[in-house]
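Chemist: Sequence and predicted structure are below.
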Amino acid sequence: MASDLQEMKTQFLEYLEIEKGRSVKTVENYDRYLTRFLTHTKVASPAKLTEPLVREFRLWLNRQPGVSGDMKKKTQNYYLIALRSFLKYMRKQNIESLSPERIELAKVGGRDLDLITAAELERLMKGPSGNSLTALRDRAILELFFSTGLRVSELCSLDRDLDLSRDEFSIRGKGDKVRVVFLSPTAKKAVKEYLEKRGDVEGALFVSYGRAGKKLQTLTPRSVERIVKQYAIRAGITRKVTPHVIRHCLHPETRVMGNPSLTTAEKLFTANDTKKVLGFDWFNNRFIRAAITHKETHKTDHMISLWADGREILCTPYHSFFTVTENGITAIQVQELKIGDYVAGVRGIEMHLEKHAETESTDFWRLLGYILGDGTLSEARRGIILNDKDRRHIDLYNEIVHHVTGRYGTIVALSNGHGFALNIYNVDFLKKVRSFGITQRSKYRRVPPQLFQESEENIRSFLAGYYDAEGNNGAIKMFSASKELLKDVQMLLLRLSIESILLPRTRMVKLPQGRTIQHTIYTLYVTYPPSQNRFVELIPTFKQNLQSKKKWMRLDIALPTQNIVRTLYPVLLEKKGFMHLLGEEYGIRYLKRYTRICTTPTLLQSLIKACDENNVKHLCVEHLRLVHSLDSIRWLRVKRIENLSEPSIVYDFTVEPTHNFITDGFISHNSFATDLLENGADLRSVQALLGHANIATTQVYTHVTDKHLREVHKAFHGKRRR
């Protein structure tokens, strides 16, 4: 066995090429990285390869010049990855050397990518003008990129005998893997026009055109990158534009439901340990824990505020939710939604908390809820002040103060005669309350994040305290100037399977100084009868005469099955006597109306039963059966879609195995995706839908067929730039 590192390196490279089947390019890169390491360290034998040597090499590497400044951490890691692979190989050969686990990769920050707008994309695509050979070639390159999602190297490897009679072709890509990519009509037309203009016999699809008489050369990846950059500059796009970028979706404050915790997209992204989130298993109608397997972040200046039945979420136009179409439950991008459409949300989420020692008492959390709602924290007064019109409430909370702090507060009547104040003069308690994050003015307050990991009893106590401060007698509703605070409360209520509706109200307010200003206040309503009953049962508020309906039927649940019924209706119409039977025996006399309006669970059950008992075999019946079975889903009607032009950092996640997760009460589609161009129109719909980097990944996860992918791609591209 060779003991010289140079000989071992040669054997290692041969091993990569033959046994591991690595590409020639990969072997060349590993050779370059290892040669540079061995040349710099001058180490000759495996036994002398030590941690100090590696550390000294890393220090030297870190100070080497790069394209802009010092060498990037990501580039440095390529050297370390090659070295670790080399050490693992030597270990397999029973050669004593440094353990590969002793080499840690440099920490690489998330990539910040600027997005281009749809208008900028359109200008970019129109860049190659005229009918010259170069313009036709460049137009074909851009269209092919945006239709197929090819890598630059893959595009450069294409031959001119591409079969344009078909809508797809196979490509051997990274890792020598073969996958199917699809051609849009626009891309086929552009390539065809380019080939018809060519008069040469060169075999490559894309070649360079230099001086007359000069031999044609196949375009290199670097040349293609320059072409894209050239047209980006012509289009007036100052940001970096490349053929292969990543897009992202969620606003940093988006609440992501874990089990049991609730966190934000930003905190989920910055967490170092692997996180579990809550996803929904559509076919088993249950929530399951899913793993975050990939995450990305970048900047954008275009967000959308989506309001649907009293819930709001902020995301980019390309973020996907779930809706009901004639093809059953499918994903849909926010930018494709219209007012009146329906998207999937959750009714409630069961809590599965592991038993743990409570850090604070239920009385503490109740008092904290009241303070968050209507408390004034003042270092100058060395304490906290609570106000209430009802003396009985003040007395009850003074008892709670005594339980929590060991001392009673001081009660005084307000000078205006409209209530009472409870003064809690306790600096230590004030500091403790501050430590739970209640440091902002009321407009910017949030629920303490610690609460989302507490027991159900503590959550109920907190909500009782908050409702005592900001709630209503009679109709169940609560108020705040902080929209984010009420969205937090809305998520807490969902943990108790209590649905609520958040609505803004703008009014004119006259200040004590006499000036009148416009002020927006938010109200959180509990109107759904089962949720009203649960609220009264679970939340021990001191408010009185809360309204709830003890008796209630499921008739007001809307199931948005119009598109499915519209497709099924002609089939049922052709079945002799079925419509008469539907009215006489199943109580559905006017089925056609449900091609325009929602069904109810009772009616849908009768329709499915009628189809089953009369041997109606159709895929639409199965779609209806699935929608009917999902009693954990609340279909939310889109009420408002607002475009926001403000800079924001947004986050994306790959979630397995559900490919969806719960965000602000909506079911968000697994959103991480590698797109064809930054915010690109002409995205391959399956990649946008499933959030996968390429079609091969899509097929692995979903087992969909090439035929199905081709149909989806064709339908999507048919809408392009009409």
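Modeler: Nice, I can see it. Residues are numbered from 1 along each chain as shown.
Chemist: can we go C-alpha only for contacts and neighbour counts from here?
Modeler: Fine.
Chemist: In a strand, Trp524, correct?
Modeler: If you look again at residue 524, you'll see it is Leu, not Trp. Yes - looking at Leu524 with DSSP: H, G, I helix; E, B strand; the rest coil, it is inside a strand.
Chemist: Please list all residues in contact with the spatially closest residue to Arg495 that is not a sequence neighbour.
Modeler: Of all residues not flanking Arg495 in the chain, Ile349 sits nearest, at 5.0 Å (Cα to Cα, 6 or more residues apart in numbering). Each residue near Ile349 by Cα atoms under 8 Å, 6 or more residues apart in numbering is listed here: Phe287, Leu494, Arg495, Leu496, Ser497.
Chemist: With Asp138 instead?
Modeler: Contacts for Asp138 (Cα under 8 Å, 6+ apart) come out as Pro128, Ile227.
Chemist: Need the CA coordinates for the helix or strand encompassing it. CSV is fine.
Modeler: For Asp138, the host element (DSSP states H and E) is helix 133-148. This file holds the C-alpha atoms of helix 133-148, laid out as CSV (Å, rounded to 0.1, in the frame of the first residue of the first chain):
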residue,chain,number,x,y,z
LEU,A,133,-28.4,35.1,-36.6
THR,A,134,-27.0,36.3,-33.3
ALA,A,135,-30.4,37.8,-32.2
LEU,A,136,-32.3,34.6,-33.1
ARG,A,137,-29.7,32.5,-31.2
ASP,A,138,-29.9,34.7,-28.1
ARG,A,139,-33.7,34.7,-28.2
ALA,A,140,-33.7,30.9,-28.4
ILE,A,141,-31.2,30.7,-25.5
LEU,A,142,-33.4,32.9,-23.2
GLU,A,143,-36.7,31.1,-24.2
LEU,A,144,-35.1,27.7,-23.7
PHE,A,145,-33.8,28.6,-20.3
PHE,A,146,-37.1,29.8,-19.1
SER,A,147,-39.1,26.9,-20.5
THR,A,148,-36.9,24.0,-19.4
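Chemist: how far is whichever helix or strand comes after that helix from where the chain is centred?
Modeler: Per DSSP H and E, helix 133-148 leads on to helix 152-156 as the next helix or strand towards the C-terminus. Centroid displacement of helix 152-156 relative to its chain, using Cα atoms, centre = their mean, to the nearest Å, is 29 Å.
Chemist: Pull the contacting residues for Val427.
Modeler: By Cα under 8 Å, 6+ apart, the residues touching Val427 are Glu379, Arg382, Gly383.
Chemist: Arg63: neighbour count?
Modeler: Applying other Cα atoms under 10 Å, we find 12 residues neighbouring Arg63.
Chemist: got the buried residues for stretch 227-239?
Modeler: Residues of stretch 227-239 classed as buried under the neighbour-count rule (16 or more other Cα atoms under 10 Å) are Ile227, Val228, Lys229, Tyr231, Ala232, Ala235, Ile237.
Chemist: So which bits of the longest helix along the chain are buried?
Modeler: Using DSSP state H to define each element, the chain has its longest helix at helix 73-92. Residues of helix 73-92 classed as buried: 76-77, 79-84, 86-90 (neighbour count, 16+ other Cα under 10 Å).
Chemist: That one - contacts with which helices or strands?
Modeler: Helix 73-92 sits against helix 5-18, helix 24-41, helix 51-62, with contacts defined as 3 or more Cα pairs under 8 Å, 6 or more residues apart in numbering; DSSP states H and E.
Chemist: any idea which helix or strand of this protein has the worst average confidence?
Modeler: strand 673-675 (a mean of 28; mean pLDDT, DSSP states H and E).
Chemist: now the strands for the stretch 401-550 of the chain?
Modeler: For the stretch 401-550 of the chain, the strands defined by DSSP state E, counting those that start in this stretch cover 410-413, 420-424, 477-480, 501-510, 516-525.
Chemist: so the fourth one versus strand 516-525, what angle?
Modeler: It stands for strand 501-510. With axes from the mean of the first three to the mean of the last three Cα atoms, to 10 degrees defining the directions, strand 501-510 sits at 160 degrees from strand 516-525.
Chemist: where in the stretch 151-300 of the chain is pLDDT low?
Modeler: For the stretch 151-300 of the chain, the stretches with pLDDT under 70 are 173-182, 210-214, 237-250, 259-261, 272-274, 294, 298.
Chemist: Quick one: the strands in it, in order.
Modeler: 168-172, 178-182, 207-208, 217-218, 245-247, 255-257, 262-264, 276-281, 286-300.
Chemist: Lovely, talk soon.
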